[in-house]
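Asker: let's see this in three dimensions:
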Amino acid sequence: MDYWRAVFEGLIRRVKPNDDWRLTMDQALDFHQLPYGWKCSVQKHVNASFTCSQCLRHWSSHQVVILFHLFWDPYMRQGSARMRFFRQQCSVCHSNKYEEPEFTEEAVMKVLNHLIISIRKNCYGEPFDDTELVEVVYSTGPHMREYCEAYKLGIHKGRYSSLRSGGHHATASNWGHGSIGFLQTTEQTKTPATSSIKPDESSCPCICLICFILLIVIIFLSYWNNRFLGMLNK
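Answerer: Residues are numbered from 1 along each chain as shown. A predicted model of the protein is given here:
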């Protein structure tokens, strides 16, 4: 925590040199309830590693969730950022114990850089477009959500997390247990999505069959129509 705090203080001092901010750990933070006057920021896809305390298995995850509660007092020029890491269980020995994530210095820097963006947006009202703050770096494998504390608490919803996170301003990061990708709110040039519409090749045999049946019906009707006209002429 000392390292997290030192990096955070250095980063916030660069952009808000006249303000006093503190970063503290609080594993009792509630994702679903926010105290009056506080703001919420969630980074849903942080890169971290875990070690099982039972079988000593080691694994990496790109869907570690970090929750932040933010409070800013503009009169006292003081701010508080409380953070909570969400843990994961071992998928091999099925231990009931949730293991704590371990972060690299690079991961800490990414998380705190985007925490600063969240503070500037939510506490100071500075304009940051969420659609310009998304970066996805893909890896492979699904997120084993049944072993994820954040999923069981209702933070991760569905098979994979959404890229849009406006509701609780998820300033996200990386994805889980050998996961599908890394989502981080960072500046990125927007590339317009392209789409192409291709005909369904499986529908071609059906179309041919329908045309063939229609042809048979036309021939049949034509035959009986000619025969009926012939009978009338007699």
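Asker: drop to CA atoms for contacts and neighbour counts, all remaining ones
Answerer: OK.
Asker: check which helix or strand covers the nearest residue to residue 39 once chain neighbours are set aside.
Answerer: Leaving out its chain neighbours, the residue that sits closest to residue 39 by CA to CA, 6 or more residues apart in numbering is residue 70, at 4.9 Å. Element membership for residue 70, per DSSP states H and E: strand 58-73.
Asker: who does the helix or strand just after that strand touch, helix- and strand-wise?
Answerer: Going down the chain from strand 58-73, the next helix or strand is strand 78-85, by DSSP H and E. Counting contacts by 3 or more CA pairs under 8 Å, 6 or more residues apart in numbering; DSSP states H and E, strand 78-85 packs against strand 20-25, strand 58-73.
Asker: looking at the ones you listed, which is nearest to residue 98?
Answerer: Residue 98 sits nearest to strand 58-73 of all these, at 12.5 Å, using CA to CA.
Asker: what's the closest one packed up against?
Answerer: strand 39-51, strand 78-85, strand 181-184.
Asker: quick one: which of the ones you listed is nearest residue 21?
Answerer: Residue 21 lies closest to strand 78-85 among the helices and strands packed on strand 58-73, at 4.5 Å (CA to CA).
Asker: angle of that closest one against strand 58-73?
Answerer: Orientation check (axes from the mean of the first three to the mean of the last three CA atoms, to 10 degrees): strand 78-85 against strand 58-73 gives 160 degrees.
Asker: domain ranges for the protein?
Answerer: What automatic domain parsing lists as the domains of the chain is 2-184, 202-233.
Asker: returning to that earlier point: in TSV: the helices and strands packed on strand 78-85, plus mean neighbour count, distance to residue 93 and mean pLDDT.
Answerer: Formatted as TSV, the helices and strands packed on strand 78-85 follow (neighbours: other CA atoms under 10 Å; distance: least, CA to CA, whole Å; pLDDT from 0 to 100):
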stretch	mean neighbour count	distance to residue 93	mean pLDDT
strand 20-25	16	29	96
strand 58-73	22	12	92
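Asker: kindly reformat those as CSV containing distance to residue 51.
Answerer: Formatted as CSV, those follow (distance: least, CA to CA, whole Å):
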stretch, distance to residue 51
strand 20-25, 21
strand 58-73, 4
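Asker: looking at those strands, which is closest to residue 207?
Answerer: Of all those, strand 58-73 sits nearest to residue 207, with 46.1 Å by CA to CA.
Asker: hey, which of the domains of the chain is tucked in deepest?
Answerer: With neighbours taken as mean count of other CA atoms under 10 Å, those reach their highest mean count in domain 2-184, at a mean of 18.
Asker: for the chain, what helix or strand is lowest in average pLDDT?
Answerer: When the helices and strands of the chain are scored by mean pLDDT, DSSP states H and E, strand 181-184 comes last with a mean of 32.
Asker: circling back: and of the helices and strands packed on strand 78-85, who's closest to residue 48?
Answerer: Nearest of those to residue 48, taken as CA to CA: strand 58-73 at 5.5 Å.
Asker: what lines up beside the closest one in the sheet?
Answerer: Note on strand 58-73: by DSSP bridges, its sheet partners are strand 39-51 (antiparallel), strand 78-85 (antiparallel).
Asker: where among those is average confidence lowest?
Answerer: Among these, strand 39-51 has the lowest mean pLDDT, at a mean of 90.
Asker: returning to that earlier point: can you lay out the helices and strands packed on strand 58-73 as TSV showing distance to residue 20?
Answerer: Formatted as TSV, these follow (distance: least, CA to CA, whole Å):
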stretch	distance to residue 20
strand 39-51	17
strand 78-85	5
strand 181-184	26
